[in-house]
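*Asks:* Any chance you can model this:
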Amino acid sequence: MSEDNKSTVRAVERALDILLCFTMKNEWAMTEIAEKVGLHKSTVHRMLATLEDKGFVLRDSASDRYRLGLRVWELSANMWGADDPAVISLQEMEQLRDQLGETISLYIRDGNERIRIQAVQSNQAVRRVAPIGARLPLYVGASSKILIAFEEQEQREELLGDHTWPASIDKGQFREQMEEIGRLGFATSIEEREQGAAAVSAPIFNRAGRLIAALSVSGPANRLTLDKMREQAPAIMEAARHIGTMLK
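*Replies:* Reported below is the predicted structural model:
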């Protein structure tokens, strides 16, 4: 590869590193980005100017902070096309929220993480707020269990063999839990990832029977007791089944 090509690749990598900062929080100062990506402020300033010119970031002139521009949303709109589970599931999620009164989330697996791609917030005063785009580990939480338990066996074993999981997790017990979840058709978690929070989740399969996502109901643990989540599970499973019938 020529020096010119290497320089171009480095510039692209740096621009992507800057854009990836916005997966962590909504707004950044230029100096914060420079510190995060490990580049000189003048380099980051030039790249932000180019990204702003192309519509990928916007600068607030009052605060001199940056946020994502509309060009990113244009790209994301074409990511799934007409079969986008985040769009297709929204009406069903809103109905489930109205029925159960808690926050509803939709998760997909991306490698060894899960991503919340859709959320409908509870209308209750005390609720669990679920930001769209959040990345979470696969070794904890009701939806993580679903995204492992209902995977193909070979893929499931590969995920369970992930050496980055905390040493405190007993893989043998985890496998047994996956088998039980497979029999029940849903998974629960109480304060596993977040103190005071609980969740119950069910798998979404498309019309071909392939696991697509996990549908989750979450809220305060004092409301979502284990008995309550077991009581709600059939409604969640039915909503997940109905969403799946609309996915290719």
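*Asks:* Going by C-alpha atoms from here, please, whenever you check contacts or count neighbours.
*Replies:* Fine.
*Asks:* can you pull out the strands in this structure?
*Replies:* Using DSSP state E, the strands found in the chain span residues 28-29, 57-60, 65-68, 103-110, 113-120, 135-137, 187-190, 197-205, 211-220.
*Asks:* For this protein, spot the helix or strand the model is least confident about on average.
*Replies:* helix 70-80 (a mean of 73; mean pLDDT, DSSP states H and E).
*Asks:* Just give me how far stretch 205-220 sits from the chain centre.
*Replies:* 12 Å (CA atoms, centre = their mean, to the nearest Å).
*Asks:* again with stretch 167-182
*Replies:* Worked out by CA atoms, centre = their mean, stretch 167-182 lies 22 Å from the chain centre.
*Asks:* same deal with stretch 65-75?
*Replies:* 19 Å.
*Asks:* and that stretch, which residues are buried?
*Replies:* By neighbour count on 16 or more other CA atoms under 10 Å, the buried set for stretch 65-75 is 65, 66, 67, 68, 69.
*Asks:* Not counting residues beside it along the chain, what's closest to the first one?
*Replies:* Which is residue 65. Nearest residue to residue 65, sequence neighbours excluded (CA to CA, 6 or more residues apart in numbering): residue 29, at 4.5 Å.
*Asks:* And for that neighbour, the neighbour number?
*Replies:* Residue 29 is flanked by 14 other residues according to other CA atoms under 10 Å.
*Asks:* sorry, back to before: want to try a markdown table for the strands of the chain, with mean pLDDT as columns?
*Replies:* Formatted as a markdown table, the strands of the chain follow (pLDDT from 0 to 100):
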| stretch | mean pLDDT |
| --- | --- |
| strand 28-29 | 95 |
| strand 57-60 | 94 |
| strand 65-68 | 94 |
| strand 103-110 | 96 |
| strand 113-120 | 94 |
| strand 135-137 | 91 |
| strand 187-190 | 98 |
| strand 197-205 | 97 |
| strand 211-220 | 97 |
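*Asks:* Just name the most buried of the ones you listed.
*Replies:* strand 197-205 (a mean of 27; mean count of other CA atoms under 10 Å).
*Asks:* Which other helices and strands does that one contact?
*Replies:* helix 142-149, strand 187-190, strand 211-220, helix 226-244 (3 or more CA pairs under 8 Å, 6 or more residues apart in numbering; DSSP states H and E).
*Asks:* returning to that earlier point: out of the buried residues of stretch 65-75, which comes closest to residue 135?
*Replies:* residue 68 (17.6 Å; CA to CA).
*Asks:* Against residue 9, how distant is the residue nearest to the closest one when sequence neighbours are not counted?
*Replies:* Distances taken as CA to CA, 6+ apart place residue 57 nearest to residue 68, at 4.3 Å, with adjacent residues excluded. Per CA to CA, to the nearest Å, residue 57 is found 20 Å from residue 9.
*Asks:* so how many other residues sit close to residue 166?
*Replies:* Using other CA under 10 Å: residue 166 sits among 9 other residues.
*Asks:* Now do it, the pLDDT please.
*Replies:* For residue 166, the pLDDT comes out at 91.
*Asks:* Quick one: residues contacting residue 192.
*Replies:* 140, 141, 198 (CA atoms under 8 Å, 6 or more residues apart in numbering).
*Asks:* dump the residue contacts of the second one.
*Replies:* To tie it back to what came earlier, the one meant is residue 141. 188, 189, 192, 193, 199.
*Asks:* let's see 6 Å
*Replies:* residue 189 (CA atoms under 6 Å, 6 or more residues apart in numbering).
*Asks:* nearest spatial neighbour of the spatially most central residue of the chain, skipping sequence neighbours?
*Replies:* Residue closest to the average C-alpha location in the chain (CA atoms, centre = their mean): residue 115, at 1.5 Å. Excluding the flanking residues, the one nearest residue 115 by CA to CA, 6+ apart is residue 135, at 4.6 Å.
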